[in-house]
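Colleague: With the input below, show me the fold.
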Amino acid sequence: MTIIFDGEKLAKQKELKLKQKVMAYHAKGIYPKVVAIFFHEDQASILYTSLKKQTAESLGIAYQAKEFSFASPVEEIQKYIEELNADPSVTGIIIQKPWTKKWLESVPNGDFNEWWGSLVSKIATKKSHGVNKDVDGLAPATLEAIKNGTWMQDQMVLPATARAVLSILKDYRANVDSDFSYLTEKVLIIGQSDLLGRPLYWHMQNLMQKGATVPQTFGEVCQVAVSESQVSKNKCEVKLVGKQGLAELIEQKKSLSDFRVIISATGQKNLIKGDLIADHSIIIDVGEPQGDIDLPSCLNKADFITPVPNGVGPMTVVSLMANALDLLRSFPQKILGDFNQFIVGKDLSP
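Modeller: Next up, the predicted model:
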């Protein structure tokens, strides 16, 4: 029988743990504060900003939102970001990434990647400002660190959706199959965005190649330590493809049955059908605004499926809040005082 994951339930459990950590912060005189930038032309961004603000404030994390327009001068937005970088009361910054299509409707001849890069690259990192404030994990420096496998040492964070997926896989191991580890399985990631596909691929690949010896303080995102011999024995693999790459696999009559874990994030309805997957698959559906999985045909074939809605979505919001707290590790002693002694060596993941 297929287990249908309950994202709301697990997210609520993690929120309770996060709230305890925030209260511990407050007891030490530390008050996490996140500032989000959003663009009023993108209705989805307005909704997401509202949901994140509601969750943050319920946990005791201050959350301030600043509205701009796609037509706002880049220099104006950059100046505001620099003000946030310099403000010691601001412990995290989010720039709500709009849909490219929506941005191009307002700036038809513009270069979205250039525009986006000119903003997100301004968020403070330890190298540029002595502290990391990139809550989303989308700044170029953060993505480069993830690719190089140094993000943990650099006290950075994974993008929230990637962290959410890893948290779900960790929960599967803890509550369903204690012998499971994605680090010894064949994993297929469909969708090559910076929000999920690429950073998740880099992270998994790095762990597999290194034998997955990871610090205990990042238990949520790294799951378990696995020896090189275990990795080699199982012939583990992580593969990243886009829609075209998936179409080529199908056209070549190569099903997805070689992969135990499939993580799909295209937003193409019913893309993954039951006849493509192996028995006992673990299917993580990150499709938006509609799911990628044809649920009826995958039921009773897959062992585990995350639905849309009520799957990865709620976990992404709580993972973002966990990121906001984890960034406090990077703050220098002069800002946090003896609070650093409180968090060093502790597992802050929810």
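Colleague: now what about the helix or strand in which L249 is found, what contacts it?
Modeller: Assigned by DSSP states H and E, L249 belongs to helix 243-251. The contact list for helix 243-251 (CB atoms under 8 Å, 6 or more residues apart in numbering) reads 190-191, 241, 255-256, 266, 268, 271, 276. Yep, even glycine has a C-beta here, placed from its N, CA and C like the rest.
Colleague: so of these, which ones are in strands?
Modeller: 190, 241 (DSSP state E).
Colleague: ok, back up a step: which SSE is immediately downstream of the helix holding L249?
Modeller: Assigned by DSSP H and E, the successor of helix 243-251 is strand 261-264.
Colleague: if we can go back for a sec, quick one: buried residues of the helix holding L249?
Modeller: 246, 249 (16 or more other CB atoms under 10 Å).
Colleague: May I have it exported as CSV, CA atoms only?
Modeller: The C-alpha trace of helix 243-251 is given here as CSV (Å, rounded to 0.1, in the frame of the first residue of the first chain):
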residue,chain,number,x,y,z
LYS,A,243,11.8,18.2,-19.4
GLN,A,244,13.8,17.5,-22.6
GLY,A,245,16.1,15.1,-20.9
LEU,A,246,13.1,13.2,-19.5
ALA,A,247,11.4,13.1,-22.9
GLU,A,248,14.6,11.7,-24.4
LEU,A,249,14.7,9.0,-21.7
ILE,A,250,11.1,8.0,-22.5
GLU,A,251,11.6,8.3,-26.3
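Colleague: And the strands in the stretch 201-350 of the chain?
Modeller: Shown for the stretch 201-350 of the chain, the strands assigned by DSSP state E, counting those that start in this stretch span residues 237-241, 261-264, 282-285, 304-306.
Colleague: Kindly reformat these as CSV containing mean pLDDT.
Modeller: Output for the strands of the stretch 201-350 of the chain, formatted as CSV (pLDDT from 0 to 100):
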stretch, mean pLDDT
strand 237-241, 93
strand 261-264, 97
strand 282-285, 98
strand 304-306, 98
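Colleague: Which stretch among the ones you listed approaches N148 most closely?
Modeller: strand 237-241 (16.4 Å; CB to CB).
Colleague: Just checking the distance from that closest one to the centre of its chain.
Modeller: Taking CA atoms, centre = their mean, to the nearest Å, one finds the center of strand 237-241 at 17 Å from the center of the full chain.
Colleague: ok, it: who's next to it in the sheet?
Modeller: strand 186-190 (parallel) (DSSP bridges).
Colleague: measure stretch 56-69 end to end?
Modeller: With CA to CA, to the nearest Å as the measure, stretch 56-69 spans 24 Å from end to end.
Colleague: Neighbour count added to the contacts of helix 243-251, as JSON lines?
Modeller: Formatted as JSON lines, the contacts of helix 243-251 follow (neighbours: other CB atoms under 10 Å):
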{"residue": "I190", "neighbour count": "26"}
{"residue": "G191", "neighbour count": "24"}
{"residue": "V241", "neighbour count": "18"}
{"residue": "S255", "neighbour count": "13"}
{"residue": "L256", "neighbour count": "21"}
{"residue": "T266", "neighbour count": "22"}
{"residue": "Q268", "neighbour count": "16"}
{"residue": "L271", "neighbour count": "21"}
{"residue": "L276", "neighbour count": "21"}
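Colleague: Among the contacts of helix 243-251, which one sits closest to Y25?
Modeller: Nearest member of the contacts of helix 243-251 to Y25, counting by CB to CB, is G191, at 34.7 Å.
Colleague: Wait, the closest one touches T266, no?
Modeller: Yes. Contact criterion CB atoms under 8 Å: G191 and T266 qualify, at 5.1 Å.
Colleague: where do the helices sit along the stretch 1-150 of the chain?
Modeller: Using DSSP state H, counting those that start in this stretch, the helices of the stretch 1-150 of the chain run over 7-27, 43-59, 74-86, 100-106, 112-120, 126-129, 140-148.
Colleague: any chance of the ones you listed in TSV, plus mean neighbour count, distance to K66 and mean pLDDT?
Modeller: Formatted as TSV, the helices of the stretch 1-150 of the chain follow (neighbours: other CB atoms under 10 Å; distance: least, CB to CB, whole Å; pLDDT from 0 to 100):
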stretch	mean neighbour count	distance to K66	mean pLDDT
helix 7-27	16	22	96
helix 43-59	17	10	96
helix 74-86	15	7	98
helix 100-106	14	18	95
helix 112-120	15	12	97
helix 126-129	14	19	92
helix 140-148	19	21	96
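Colleague: and of the ones you listed, who's closest to V35?
Modeller: helix 74-86 (5.3 Å).
Colleague: Of the strands of the stretch 201-350 of the chain, which is nearest N113?
Modeller: Comparing the strands of the stretch 201-350 of the chain under CB to CB, the one sitting nearest is strand 237-241, at 19.0 Å.
Colleague: Right, I'll call it a day here.
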